[in-house]
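Visitor: Turn this into a model:
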Amino acid sequence: MTDKELRDIWTGQAVPALLMTPERLRARAEHFEASINRRNVRDHLCFVVVALGFGFGAVTLSSPLTRLGCLLLVGWALLSIYWLRRYGTIAVASGAADSQAIIDGQQRQLERQRDIALSWPWGIGLAVPGVVLYSIGFAWGPRPIAGSIAAALVGVFMFVYVAVVIYGKTLAGRWQREIDELRKLRS
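Guide: Just a heads-up that it's a prediction; the model follows:
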């Protein structure tokens, strides 16, 4: 057989249409819901640890700047828990029977989570005043090594900030592709 004959056979094959049944759509929606719920549990635990750790620091540390920074970080963690509970949860319409209703509900949830992921730089940015005050107060502490520890703390915070922003943009891009895919299914 020649290349042309093989190409003709290849292009002459019937392409099966990909059908998204309501069961498959529902399974995708349930998988998405489970991943968001896991993220919410993980984030809640992290914010609780931050609030408890810096709350302990606000009580035990002696520097007023460090204590103020701790209190700001506790406030940020508690505010983040509130925002996560208010805006980050999934509102699933799992009782939908037809594909169109499932697609509409899933698209709304994807858009909501995409917007939340794109807002992460602002949410984490609210911790900056607390980290700055904590670091300044720690650097002016009585220990000679305190300045380098404060610089390391700021470096770790900046690394985490950049990593979370990149991760959020990656998630938002993936969710946008799923939104576009659902829009194609609708039409």
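
Visitor: For the protein, which helix extends over the most residues?
Guide: In the chain, assigned by DSSP state H, the helix with the most residues is helix 146-186.

Visitor: Measure how far it is from the centre of its chain, please.
Guide: 7 Å (C-alpha atoms, centre = their mean, to the nearest Å).

Visitor: State the mean pLDDT of that helix.
Guide: For helix 146-186, mean pLDDT rounds to 89.

Visitor: Determine the set of other helices and strands touching that helix.
Guide: Here helix 146-186 is seen to pack against helix 99-118, helix 120-125, helix 128-139 when contacts are counted using 3 or more C-beta pairs under 8 Å, 6 or more residues apart in numbering; DSSP states H and E. All C-beta spots, glycine's among them, are computed from the backbone N, C-alpha and C.

Visitor: Sketch out the low-pLDDT regions of this structure for me.
Guide: 1, 14-20, 92-97, 142-145 (pLDDT under 70).

Visitor: Contact partners for Gly88?
Guide: 36, 39-40, 43, 113, 116 (C-beta atoms under 8 Å, 6 or more residues apart in numbering).

Visitor: Most neighbours among those residues, which one is it?
Guide: When neighbours are counted by other C-beta atoms under 10 Å, Gln113 leads the contacts of Gly88 with 21 neighbours.

Visitor: thought that one was touching Arg174?
Guide: No. Gln113 sits out of contact with Arg174 when judged by C-beta atoms under 8 Å, with a separation of 10.3 Å.

Visitor: picking up where we left off before, now the helices and strands packed on helix 146-186 in CSV, with distance to Ala151?
Guide: Converted to CSV, the helices and strands packed on helix 146-186 look like this (distance: least, C-beta to C-beta, whole Å):
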stretch, distance to Ala151
helix 99-118, 30
helix 120-125, 19
helix 128-139, 8
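
Visitor: List the contacts of stretch 152-164.
Guide: Here stretch 152-164 has contacts from 120-121, 124-125, 127, 131-132, 134-135, 138, using C-beta under 8 Å, 6+ apart.

Visitor: If you count neighbours, what's buried in it?
Guide: Buried residues in stretch 152-164, counting neighbours by 16 or more other C-beta atoms under 10 Å, are found at 154, 157, 161.

Visitor: which residue packs closest to Thr21, ignoring adjacent ones?
Guide: Ser99 (7.3 Å; C-beta to C-beta, 6 or more residues apart in numbering).

Visitor: Quick one: residues contacting that neighbour.
Guide: Applying C-beta under 8 Å, 6+ apart, we find Ser99 in contact with 20-22, 25, 185.
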